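Student: Need coordinates for the following:
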Amino acid sequence: MFFWLLRRHKERAIIHPRVLRVCADLLSDSINGIVALLGESNVIPNLTSALKSISHRARYGYRILTEEGSLDDVSALNRSKSNLAIGCCLSRPSNSHKIAVHGKVYHPEGFDLSKRLKEVFEDIEKAPKILLKLDADFAFVGIEDNSLIYGRDSLGIKPLYSSKESGILGIASEIKALKSIGFKNIERVRPGSIHKASMKGEESLVFDKIEVVSKLNVSMDEASDTVLKLLSESIKRRIKGLNRIAIGFSGGLDSSLLALITSKLAKVTLLSIYTKGSKDEDVTNSAKSLGLELEELQIDVKQVKDKISLIQNLIESDRIMDLAIGLGMNLSAEKCLQIGCDVLFLGQFADELFGGYVKYVRALRERGDEFVENMMLQDVIDAHKNNFERDEKASSSHTEIRLPYANTSLVDYALSLPLRLKITMDDQRKLVLKEAAIKAGLPRDIASKRKRAFQYSSGLQKLITNVKG
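Tutor: This next block holds a predicted model:
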């Protein structure tokens, strides 16, 4: 095994050839990004270049996996040749061999994803039986019989992209890694899919997909009990082994309920990011009502100007909305690291699951129930490309984000609930989640608080719009 020590100078990453052996015994495995290449000739030089393009993910350097095993020192990299290789960006030292997994399985407890993937690699038809409905965030690439095998969790929480150009297959956690070595036609790997590729061809299989199996006829009381139970279980799974959790906090329903439940299980610090004069400037009272520590960060024009190019590069988008949210995520992740929290919890996905957007109410008035239900289902299906990928990339250089609302059991249940338990024509939204929050002990004024989307309530979208002119 070998590592490169990554040192940072301003916004540039300088890679130094040092072996980090001491840390290997002190920290757990953690892969924070992947690049994999399969071609007819030596891919190592291109792999090295692609990894450098996402060096912000490599807090503890890199590790290279080939058919023969892992490279054990830096000098071996220059001498090695392989037509098939995986590069791992490490946020902590890793001992993986031939399989790179970016992410974690939360349930079933004790599920060894790397070990079970070896069974899938032998026959990808086994994937549905082994990988179906895992509560997990993961993307993976592995080597088996001169083939690359790669895939992604069913919700697409961890990013993964692929491209084929001039006889070379490329897989990566970020688009820029593939672009840096000449790939042009880059696509997302479909969530819930697995692929086995060799120079002879490729076979693919969808092992899981988001769908509404049936609609339940349940009361508000029963539905809110179940939502609270499923969300609480999701949080318990995601804090296992952690001591201190940071939570992105806006004082609204989603983040407040998350904070309330989590604080009963671990030490919690709330993080609030806002601009002067914005709606989110005053979240102090909400934090006091919960009895939780609050860290606030007020953003000004100078900070936006200093960060905007970096954020655009990280999230691989120049849309104003994405830049605003990405900036908030990046600053929250940076603060999480600075104050010594283990991970950053976010309340993302509650709006799609429980009807938090005003567009759903408008569509209900104009188009009816069935249209809105299909609209919400599509937003859940598209959340990976609209939200998850951006947020993961924005935080990747600092810490890991976890999304308790993005739990497969909670998603399945929420999709099965009748629309009347979520929204009404008179603009009541997230009804069942509010009821669950009140049952959990959240003050009614917080549970009922009207909240705009983060990019607006924080003032970041307005500030970025003004900066970009």
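
Student: Now do the same for D72: its pLDDT.
Tutor: D72 carries a pLDDT value of 45.

Student: for G368, same thing?
Tutor: 97.

Student: I'd like the distance between it and M425.
Tutor: Between G368 and M425 the distance is 10 Å, computed by C-beta to C-beta, to the nearest Å. For glycine as for every other residue, the C-beta is placed from the backbone atoms N, C-alpha and C.

Student: same check, this time on Q378
Tutor: Distance of Q378 to M425, given as C-beta to C-beta: 21 Å.

Student: Same question for N285.
Tutor: Distance of N285 to M425, given as C-beta to C-beta: 31 Å.

Student: just S91 next, same as before
Tutor: S91 sits at a distance of 47 Å from M425 (criterion: C-beta to C-beta).

Student: Settle it for me: which of those two has more neighbours?
Tutor: Under the neighbour definition other C-beta atoms under 10 Å, S91 and M425 were set side by side, and S91 has more, 21 against 9.

Student: Can you tell me how far A394 is from I401?
Tutor: 9 Å.

Student: Quickly list what's touching both of the two.
Tutor: Between them, A394 and I401 have M329, A333 as joint contacts when contacts are counted by C-beta atoms under 8 Å, 6 or more residues apart in numbering.

Student: tell me the domain boundaries of this protein?
Tutor: With automatic domain parsing as the criterion, the domains of the chain are listed as 5-206, 220-468.

Student: In this structure, where is pLDDT below threshold?
Tutor: Within the chain, the set of residues satisfying pLDDT under 70 comprises 1-29, 71-78, 93-96.

Student: let's see it at 50
Tutor: Confidence mapping of the chain against pLDDT under 50 gives the ranges 1-29, 72, 74.

Student: Surely V268 is in a helix?
Tutor: No. Using DSSP: H, G, I helix; E, B strand; the rest coil, the secondary structure at V268 is strand, not a helix.

Student: List the backbone torsions phi and psi for the residue nearest to A447 when sequence neighbours are not counted.
Tutor: On the basis of C-beta to C-beta, 6 or more residues apart in numbering, the spatially nearest residue to A447 that is not a chain neighbour turns out to be A437, at 4.3 Å. For A437, the backbone dihedrals (degrees, to the nearest 10) come out as phi -70, psi -40.

Student: Also S278?
Tutor: Backbone geometry at S278, expressed as degrees, to the nearest 10, gives phi -80, psi 170.

Student: before we move on, what about A246?
Tutor: phi -100, psi 140.

Student: Likewise for G170?
Tutor: Taking degrees, to the nearest 10 as the convention, G170 sits at phi -120, psi 140.

Student: Report the contact partners of it.
Tutor: For G170, the contact set (C-beta under 8 Å, 6+ apart) comprises V35, A36, L37, A50, S162, S163, K164, A177, L178, I181, F183.

Student: and the fourth one, what helix or strand is that in?
Tutor: Pointing back at A50 there. When elements are defined using DSSP states H and E, A50 is found to belong to helix 44-53.

Student: Report the distance from that helix to the chain centre.
Tutor: Its chain's average C-alpha position is 23 Å from that of helix 44-53, according to C-alpha atoms, centre = their mean, to the nearest Å.

Student: Report all helices and strands that it contacts.
Tutor: Taking 3 or more C-beta pairs under 8 Å, 6 or more residues apart in numbering; DSSP states H and E as contact, the helices and strands that helix 44-53 lies on are strand 30-38, strand 62-66, strand 84-92, strand 168-172, helix 175-179.

Student: For the closest residue to S409 other than its chain neighbours, grab phi and psi.
Tutor: The shortest distance from S409 to any residue other than its chain neighbours is 5.4 Å, reached at L230 (C-beta to C-beta, 6+ apart). In terms of degrees, to the nearest 10, the main-chain angles of L230 are phi -70, psi -40.

Student: So L230 is in contact with Y413, correct?
Tutor: Yes. Under the criterion of C-beta atoms under 8 Å, L230 makes contact with Y413 at 5.9 Å.

Student: could you dump the helices and strands packed on helix 44-53 to TSV with distance to S256?
Tutor: As requested, the helices and strands packed on helix 44-53 are arranged in TSV below (distance: least, C-beta to C-beta, whole Å):
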stretch	distance to S256
strand 30-38	29
strand 62-66	40
strand 84-92	29
strand 168-172	37
helix 175-179	35
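
Student: Tell me which of the ones you listed sits nearest to V189.
Tutor: Put simply, out of these the one that sits nearest V189 is strand 168-172, at 7.4 Å, with distance taken as C-beta to C-beta.

Student: Give me the sheet partners of that closest one and which way each runs.
Tutor: Counting by DSSP bridges, the strands paired with strand 168-172 are strand 30-38 (antiparallel), strand 161-165 (antiparallel).

Student: Identify, out of those, the most deeply packed stretch.
Tutor: Of all the strands paired with strand 168-172, strand 30-38 has the most neighbours on average by mean count of other C-beta atoms under 10 Å, namely a mean of 27.
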